[in-house]
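Participant: Sequence first, predicted model second:
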Amino acid sequence: MSVSLSPLTAEDHDRVAHLAVRPDQLRFSGTVAESFADHADADFHAILQGDLPVGMFRIDRGYHAVHGFAEPSHLGLRTVIVDAASQGQGLGTAAMRALPEYLQIHYPQARRLWLTVNLQNPAAIASYLKAGFQDTGAIWPHGGAGPQHIMRLMLTA
């Protein structure tokens, strides 16, 4: 499944406002509105199928300030939302596979991308692993919905 990634501005909320995960996934990702309300040190990006936004995510430039395992030259992946109607088609995995090249263009100084993913979210864990993220084996105990795997993706050598 082919997807592309595209930057969003804070004013682009309406472009992705229709995106919604299944109710049982809300505790992991939250909503688009919540994501746009919490935007300090974060940039928004759309996951597109053709011209249609089917998902979004945030890149946190200040991830290291809260997550001691990250360094200032590292980024954090947050609030990955793939619309419920588009799930199960491989779009999320395709988007995650596109991240290294995309991030090299938009954040050329970044050396690593980190994320934490809830232990009770096996679909997301599988998608990240298929996309090349490595599970560090460490657990982030401070997740809003419980403990989380700490995963990383190398962006440069």
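Facilitator: Alright, I've got the coordinates.
Participant: ok, residues contacting stretch 43-59?
Facilitator: 1-10, 12, 15-16, 18-19, 32, 35-36, 39, 42, 61, 75-83, 86, 91-92, 95, 102-103, 106-107 (CB atoms under 8 Å, 6 or more residues apart in numbering). Where C-beta positions appear, they are placed from N, C-alpha and C, glycine not excepted.
Participant: cutoff 6 Å now
Facilitator: Under the contact criterion CB atoms under 6 Å, 6 or more residues apart in numbering, stretch 43-59 has outside partners 3-8, 15-16, 42, 75, 78-83, 86, 91, 95.
Participant: hey, what's G55 bridged with?
Facilitator: Going by DSSP bridges, G55 is paired in beta bridges with I47, V82.
Participant: dump the residue contacts of V3.
Facilitator: Contacts of V3 (CB under 6 Å, 6+ apart): I47, Q49, L91, A94, A95.
Participant: Could you find the closest non-adjacent residue to S6?
Facilitator: Leaving out its chain neighbours, the residue that sits closest to S6 by CB to CB, 6 or more residues apart in numbering is A46, at 4.8 Å.
Participant: The one you found: how many residues sit nearby?
Facilitator: Applying other CB atoms under 10 Å, we find 21 residues neighbouring A46.
Participant: distance of it from E11?
Facilitator: To E11, A46 is 13 Å away according to CB to CB, to the nearest Å.
Participant: Next, T93: phi, psi?
Facilitator: Main-chain dihedrals, T93, degrees, to the nearest 10: phi -60, psi -40.
Participant: What is the neighbour count of it?
Facilitator: 19.
Participant: now swap in L75 and tell me
Facilitator: Counted with other CB under 10 Å, residues neighbouring L75 total 27.
Participant: Give me the helices and strands touching the helix or strand it falls within, please.
Facilitator: Using DSSP states H and E, L75 maps to strand 74-82. With contacts defined as 3 or more CB pairs under 6 Å, 6 or more residues apart in numbering; DSSP states H and E, strand 74-82 has these neighbours: strand 52-60, strand 112-118.
Participant: List of residues touching it?
Facilitator: Taking CB under 6 Å, 6+ apart as the rule, strand 74-82 contacts 19, 21, 29, 35, 55-60, 63-64, 91-92, 110, 112-115.
Participant: Filter the contacts of V3 down to the ones in helices?
Facilitator: Taking DSSP state H as the definition of helices, the contacts of V3 contribute L91, A94, A95.
Participant: for this structure, what spans make up the strands?
Facilitator: With strands called from DSSP state E, the chain shows them at 4-8, 42-49, 52-60, 74-82, 112-118, 134-140, 148-154.
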